[in-house]
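> okay, predicted coordinates and the sequence, questions at the end:
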Amino acid sequence: MRSLAAVVSSFLHLTLFADVSAADRLSITVPTSNGAVVVERWKDAGVSRPAVIILSGSAGFGSPAYDDIGKTFEAAGLDAYLVHVLSPIDLKNIANAGSANARIGYYATRQLAWIAAVQDVISYLRSAPYRVGKIGVVGISLGAEIAAAASSNTTDIGALVLVDGGFPKGYSKPVSSLPPLLLIWGRADRTFPLSTGRKLHEIAEGLGGVAKLDVYEGPHDFFLKLKTSQSKAAYDSAARFLLSELSK
């Protein structure tokens, strides 16, 4: 996909796994054109399975809901990876931005680097000896903005799930194709209104691909509400969609 794939594959033998949490996650450090990116996963199932990378919202992976999301995917037969494309400096700057406009302004300065880093991580995973085929991408809120841009106009991504978020504000690059797409939206979302999800659904359908919109009761962050009926249903729906599309 990118010329960097040949470079990062040479780092494979240098990558070390280490326990990093009580949730049985393992950590790898992936070299990218914009610096090293930490990628967490759960313990290896010992067999080759479809892979899914998860991109967090602006608060990073601090919510315990991410463990539930990852474990739901793992139980469904998917290898789940948490990609820390937002660096500690990014998280600090976002938290200290002071206003929504300031945060959006900061996002604009970092979007291209985040998008490139995601594409490099995908190249890295696809170059690994045990990984073949396409990879799914799940993005939540800010992560959905990054995921949408990184997944457009490419054949290397087999399925895309966007949760309460679409293309970045001001995104102007022409979009000629998208992977099979599932949009998951909170009906009461005021950050990205449901109308945004419906418009994106129309755009994806217009491109001729698979496009689905699931609407759940709840606000913008309903997906990260731990162990609610709505969030659990959304995780299960995402897992079924990803497994179906990535197993084709």
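Perfect, I can see it now.
> please enumerate the strands of this protein.
With DSSP state E, the ranges of strands along the chain come out as 18-19, 25-30, 37-42, 51-55, 79-83, 135-140, 157-163, 181-186, 211-216.
> can you tell which of those is closest to residue 198?
Taking Cβ to Cβ, strand 211-216 is the member of the strands of the chain nearest to residue 198, at 6.7 Å. (C-beta placed from N, C-alpha, C; glycine too.)
> so what strands line up beside the closest one?
Here strand 211-216 is paired, per DSSP bridges, with strand 181-186 (parallel).
> hey, C-alpha coordinates of the strand it pairs with in PDB?
Presented in PDB, the C-alpha positions along strand 181-186 are these (Å, rounded to 0.1, in the frame of the first residue of the first chain):
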ATOM      1  CA  LEU A 181     -19.400   0.400   5.900                       C
ATOM      2  CA  LEU A 182     -21.400   0.200   9.100                       C
ATOM      3  CA  LEU A 183     -22.400   3.400  10.800                       C
ATOM      4  CA  ILE A 184     -23.300   3.300  14.500                       C
ATOM      5  CA  TRP A 185     -25.000   6.400  15.800                       C
ATOM      6  CA  GLY A 186     -26.600   7.600  19.000                       C
END
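> now do that strand against strand 135-140, angle only.
Orientation of strand 181-186 against strand 135-140 (axes from the mean of the first three to the mean of the last three Cα atoms, to 10 degrees) gives an angle of 20 degrees.
> what residues does strand 181-186 touch?
For strand 181-186, the surrounding residues in contact (Cβ atoms under 8 Å, 6 or more residues apart in numbering) are 159-164, 192, 194, 197, 200-201, 204, 209-223, 234, 237-238, 241-242.
> let me see the ranges of the helices in the protein.
With DSSP state H, the ranges of helices along the chain come out as 4-9, 65-76, 88-95, 100-127, 142-151, 194-206, 229-246.
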